[in-house]
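*Asks:* Here is a sequence together with a model predicted from it:
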Amino acid sequence: MRSAILLFLALGIFSAPLAAQEGPADEQLHFLDQVPSPAPHRQEMHVQVDAQSLRTGLVRVDQCHYNLDPVPAAQVVFGERLKALQVTRAENIGQVRVEGRSVQLRDVARNAVLCLRTVNRVFDRDADGGYVIRNGPFMRRFLDGYFPLQLHYTLSYPANLLRFKGLTSSVPAGTLDVARNGELDLKVLFEGALRLETRFDPVTL
C-alpha cells in the first residue's frame, strides 16, 4: 500500500496521513525553475484581510489543492486559531468529513481536488506597532525527503488602512507582485519547507 506524502498547508494548517507527525521546518528549501513531470501538487490560496481584521485578528482563507497524492486515508488538521471551517469542493475523493478542527479524507484518487474555506485568527500586531500574518510551513514531505510543491498565494487587504511593509521570506526575484490596490500575488515552485511572514504598517492620515 502506497504511503502518503506529508503535505503541510498555510496558517498553521497541515494535511497528513493519519497519525503522521510534523517534520522539521525550513530545511533543504530550494526553488525550482521548471515544473517537473508528472505535474506536482498545486496549492492556490487567497487570504482576505478587511477592516474588521484590524480589530478582531480574523481573516478569511480560501484554498484549493490539485493533484493530491492518491492515498487510502489522509487528514487536514487545523490549529487552535481556527474559527470556522467549510469544505467548498471535493472531487475524486471517496469520503470527506469535517470533524472539529479537521477534515478526514478517505480513498483519495488521482486528479483529486479539495477546496476549503476557513476563518482564522492569524492577523497579529507586531513589536513595532504594525501587523503580521504568518503562513506555513508549506511543504510536501515523505520520510526524510521533500517533493515539489507549486504555490500560488494571493492576499487582499484594505490599502486605505494598511501599507505593505515586506515579505520576510526570501523568494526568487519576479515571483512576488505587489499591486497598489491592496493585492499581493506570489507564485513559487519549490522543494523543502517554506514559511511566509507578510508585514504591514498602519496608514496614518
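*Replies:* Everything's here; your move.
*Asks:* I figured D185 hits F164, correct?
*Replies:* No. Between D185 and F164 there is no contact under C-beta atoms under 8 Å: 11.8 Å. (Glycine included, C-beta is placed from N, CA and C.)
*Asks:* Going by how many neighbours each has, rank those two and give me the top one.
*Replies:* Neighbours around D185 and F164, counted as other C-beta atoms under 10 Å, are more numerous at F164. The numbers are 18 against 14.
*Asks:* what sits up against the host helix or strand of R42?
*Replies:* Following DSSP states H and E, one finds R42 within strand 41-48. The contact list for strand 41-48 (C-beta atoms under 8 Å, 6 or more residues apart in numbering) reads 5, 7, 9-11, 59-69, 133, 135, 138, 140, 147-156.
*Asks:* Selecting buried members of those in PyMOL, what would you type?
*Replies:* Of those, the buried ones can be selected in PyMOL as follows, counting by 16 or more other C-beta atoms under 10 Å:
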select buried, resi 5+7+9+10+11+59+60+61+62+63+64+65+66+67+68+69+133+135+138+140+147+148+149+150+151+152+153+154+155+156
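*Asks:* Let's see which of the contacts of strand 41-48 end up in helices.
*Replies:* Among those, DSSP state H puts none in helices.
*Asks:* P202 pairs with what?
*Replies:* Beta-bridge pairing for P202 (DSSP bridges): L162.
*Asks:* ok, G57 touching D124?
*Replies:* Yes. Counting by C-beta under 8 Å, G57 does reach D124; the two are 6.4 Å apart.
*Asks:* between the two, which one's more packed in?
*Replies:* Neighbours were tallied for G57 and for D124 using other C-beta under 10 Å; the higher tally belongs to G57 (17 against 12).
*Asks:* residues contacting the more buried one?
*Replies:* 121-124.
*Asks:* What is the neighbour count of R42?
*Replies:* By other C-beta under 10 Å, neighbour count at R42 equals 18.
*Asks:* on that earlier part again, present the contacts of G57 as a markdown table; the columns should include secondary structure and pLDDT.
*Replies:* Formatted as a markdown table, the contacts of G57 follow (DSSP: H, G, I helix; E, B strand; the rest coil; pLDDT from 0 to 100):
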| residue | secondary structure | pLDDT |
| --- | --- | --- |
| R121 | strand | 92 |
| V122 | coil | 91 |
| F123 | strand | 93 |
| D124 | strand | 94 |
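*Asks:* next helix or strand past the helix or strand of the chain with the lowest mean pLDDT?
*Replies:* Here the helix or strand of the chain ranked lowest by mean pLDDT, DSSP states H and E is strand 14-16, holding a mean of 35. Counting by DSSP H and E, the next helix or strand C-terminal to strand 14-16 is strand 30-31.
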